[in-house]
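S.K.: Let me see the structure of the following:
(2 chains)
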Number of protein chains: 2
Amino acid sequence: MTRAINFSAGPAALPLPALQQAKEELLDWNSVGASVMEISHRSREFMDLAQQTETDLRELLTIPQDYSVLFVQGGAQTQFSMVPLNLLSDKNEADYIDTGYWSQLAIKEARRYAEVNVAASAEANGFTDIPRRDSWQLNPDAAYVHYTPNETITGVEFHWIPDVGEVPLVADMSSTILSRPLDVGRYGLIYAGAQKNIGPAGITVVIVRHDLLGRTSKSAPKLFDYQQQTKAGSMMNTVPTFNWYMVSLVLKWLKQQGGLSRMGEVNQRKARTLYECIDESGGFYRNRIAKKCRSWMNVTFDLGDSGVESVFLEESERAGLIGLKGHRAVGGMRASIYNAMPQSGVDVLVNFMQDFQARHG
Amino acid sequence: MTRAINFSAGPAALPLPALQQAKEELLDWNSVGASVMEISHRSREFMDLAQQTETDLRELLTIPQDYSVLFVQGGAQTQFSMVPLNLLSDKNEADYIDTGYWSQLAIKEARRYAEVNVAASAEANGFTDIPRRDSWQLNPDAAYVHYTPNETITGVEFHWIPDVGEVPLVADMSSTILSRPLDVGRYGLIYAGAQKNIGPAGITVVIVRHDLLGRTSKSAPKLFDYQQQTKAGSMMNTVPTFNWYMVSLVLKWLKQQGGLSRMGEVNQRKARTLYECIDESGGFYRNRIAKKCRSWMNVTFDLGDSGVESVFLEESERAGLIGLKGHRAVGGMRASIYNAMPQSGVDVLVNFMQDFQARHG
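M.R.: Here you go, the predicted model:
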């Protein structure tokens, strides 16, 4: 068994101890005589696991008691529909901040249900920077303000929480949740697909403040109703039990690592190591994002010459560094360094990059 | 490691060889240096797996070329919403056949979108029989006719395909798909949650005839559009890769077993063994379903006395027979004997039942 150093953007690397435990008990979990994926989601054993998962997530993120924690299917893109269908209520206006690819997909879907006001856009700077808060044109009548704290494709990240007054703030945290401590109380709703920092693809976390429940559109599919899902403990129907179980193992690992303060330190250091390598390459590697909003999770860079980039990808893969190809929408390279990537993995990449530059620079 | 004999209704037992292979390659799949759940769904390796899964399903079910095969999230209950949102088009009437719990949930959800005509109901006989086809009051203007070929909770199964003329026939096959050969060409649309005969919970198969695509309601969430999902090869967004992978292993196992003709023989024999035990118990065990529509997949029985039933459940669990408790809606016992349950498992149950009767009868 050879494990690569895995920089995939998502589905992404999982903590090795979580995978090892899953492997060990794949045929007989918790002495039930069956795999965790072969038993009822309503069995006592699975319900205990589900409850513990919520407890661990609440503890890690210090989630206030007046928030529901849901585990649903469909990925973050299903939330692009569920958010307007749940939060618009009798309003039909919503504010969105456009910082790139994922913001734009959220906006496009919301436009099917709401009058969307793009209160700020990073388009003018080619999505390499985040518009300053004082330039935002917020609508005081908006049902909510939606933004994308980390744009996975370009590697642009908010290192601050926008103050939007009394209007509920909604965030697609798919690629940044659990990477550092978070002040959940500043948000009306947070959602995140699991496949970066939470677990395997196929399960999505939603954290929603109670006063936002009970506003669901009558035309929404019944499983889309946050209030009903809250009442049912996310079990309105059969849940993706194995995916949920993997989340439980990842959260357990996070607690063993020392929680999110510790992860924040580790993640900041990993990102700094990599950006320093890029910045000190004399332009051989280039990151185009404004320094104050460089992502800790997705570090993008290009080499100017696409021929050299192909060689970089071939050689890095041969060296056991996988998943470095940038998203097809922007090209170049991307090193996704979520929680499961240790500092040592980043160090190997940096050594490879320096060696590659010495040979091709 | 002790494996129980697992009669869970779903999530249900999976074929042991599929679980064993998953266990073996959980840390390094296909020599990519990572688990199958840690790589991009758009990687060449995963795309190959996805394609092979569809090919295997098409081969096993002899799916005609003018049908799309989709793998989506949300379970069969999401299809309760997706079916009307996709098939109503400019009509607002749909026919539903009510044979029990799952039919009724489908009807309830459809009523939010359509004028539902319950063309036939088994209510009069307490949902123990299926209304004869010549009693159905079909509406020639219905957008489709929906029915539930197997009611998992009571164990009532259609052993025939209803002829509904030119109106598209839609079936929730969650608990019977892949249990025997199927004439897919008789259907407009088939859907099935994976967690009985296809794989783990968290992925749903939809098989839809091409002429039914392109009718999606403009108010449907974008991921609900069968036509867009067809164009995207079910990859409009990140797919539940591990769940899909498990499906691929289950289908491979089914092919190794000799395909669906062979499975049909095995399943029929398993069911016959169990119903004979019940029928020959002199009323100690009772199955209330009309013989001609007894399910091959879910065999229900009660013991008349709830005190004795508790003892039955305790003793059977101690004997390593798990998942026999009936659904909370009907009580009693239920032995779910999907594809992954071998004849030998049923034989152990029958021996236990005969022994139990000898001691408590």
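
S.K.: average pLDDT across stretch A:53-71?
M.R.: The average pLDDT for stretch A:53-71 rounds to 98.

S.K.: Grab the nearest non-local neighbour of the residue in the stretch 51-200 of chain A positioned nearest to chain B.
M.R.: Using C-beta to the nearest C-beta, the single residue of the stretch 51-200 of chain A nearest to chain B is residue A:81, 3.5 Å away. In short, each C-beta sits where N, CA and C put it, glycine included. Leaving out its chain neighbours, the residue that sits closest to residue A:81 by C-beta to C-beta, 6 or more residues apart in numbering or on different chains is residue B:221, at 3.5 Å.

S.K.: circling back to that earlier point, quick one: contacts for the residue of the stretch 51-200 of chain A closest to chain B?
M.R.: With contacts defined as C-beta atoms under 8 Å, 6 or more residues apart in numbering or on different chains, residue A:81 is in contact with A:109, A:112-113, A:224, B:221-223.

S.K.: got the residue ranges for the helices in chain A?
M.R.: Along chain A, the stretches classed as helices by DSSP state H are A:16-24, A:44-61, A:75-87, A:101-110, A:226-231, A:241-257, A:259-279, A:306-318, A:343-360.

S.K.: Out of those helices, which is the most enclosed?
M.R.: Greatest average neighbour count among the helices of chain A goes to helix A:75-87 (a mean of 26), per mean count of other C-beta atoms under 10 Å in any protein chain shown.

S.K.: what's the angle from it to helix B:75-87?
M.R.: 70 degrees (axes from the mean of the first three to the mean of the last three C-alpha atoms, to 10 degrees).

S.K.: I'd like the distance from helix A:75-87 to the chain centre, please.
M.R.: From the chain centre to the centre of helix A:75-87 is a distance of 15 Å (C-alpha atoms, centre = their mean, to the nearest Å).

S.K.: And stretch A:28-36, by the same measure?
M.R.: 30 Å.

S.K.: Quickly check: it near chain B or not.
M.R.: Yes - Stretch A:28-36 is in contact with chain B by C-beta under 8 Å from any C-beta of the partner chain, via A:28, A:31-35.

S.K.: biggest separation within the residues you listed, which pair?
M.R.: A:31 and A:35 (12.2 Å; C-beta to C-beta).

S.K.: Please identify which of the two sits among more neighbours.
M.R.: Each of residue A:31 and residue A:35 has its neighbours counted (other C-beta atoms under 10 Å in any protein chain shown); residue A:35 has more, 27 against 11.

S.K.: mind listing what the more buried one touches?
M.R.: Residue A:35 neighbours (C-beta under 8 Å, 6+ apart): A:25-29, A:242, B:14, B:19.

S.K.: Also residue A:335?
M.R.: Taking C-beta under 8 Å, 6+ apart, one finds A:7, A:274, A:298-299, A:301, A:324, A:346, A:349 in contact with residue A:335.

S.K.: Can you add pLDDT and distance to chain B and give those back as TSV?
M.R.: What follows is the contacts of residue A:335, written out as TSV (pLDDT from 0 to 100; distance: C-beta to the nearest C-beta, whole Å):
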residue	pLDDT	distance to chain B
A:7	98	11
A:274	98	20
A:298	98	14
A:299	98	17
A:301	98	19
A:324	98	12
A:346	98	17
A:349	98	15
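
S.K.: just the CA coordinates of the least confident helix or strand in chain A by mean pLDDT, formatted as PDB?
M.R.: Sorting the helices and strands of chain A by mean pLDDT, DSSP states H and E puts helix A:306-318 at the bottom, at a mean of 95. What follows is helix A:306-318, C-alpha atoms only, in PDB (Å, rounded to 0.1, in the frame of the first residue of the first chain):
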ATOM      1  CA  SER A 306       1.700  25.800 -20.300                       C
ATOM      2  CA  GLY A 307       4.400  23.500 -21.700                       C
ATOM      3  CA  VAL A 308       6.300  23.700 -18.500                       C
ATOM      4  CA  GLU A 309       3.100  23.300 -16.500                       C
ATOM      5  CA  SER A 310       2.500  19.900 -18.200                       C
ATOM      6  CA  VAL A 311       6.000  18.800 -17.300                       C
ATOM      7  CA  PHE A 312       5.400  20.000 -13.700                       C
ATOM      8  CA  LEU A 313       2.200  17.900 -13.400                       C
ATOM      9  CA  GLU A 314       3.900  14.800 -14.900                       C
ATOM     10  CA  GLU A 315       6.900  15.000 -12.700                       C
ATOM     11  CA  SER A 316       5.000  15.900  -9.500                       C
ATOM     12  CA  GLU A 317       2.700  12.900 -10.100                       C
ATOM     13  CA  ARG A 318       5.700  10.600 -10.600                       C
END
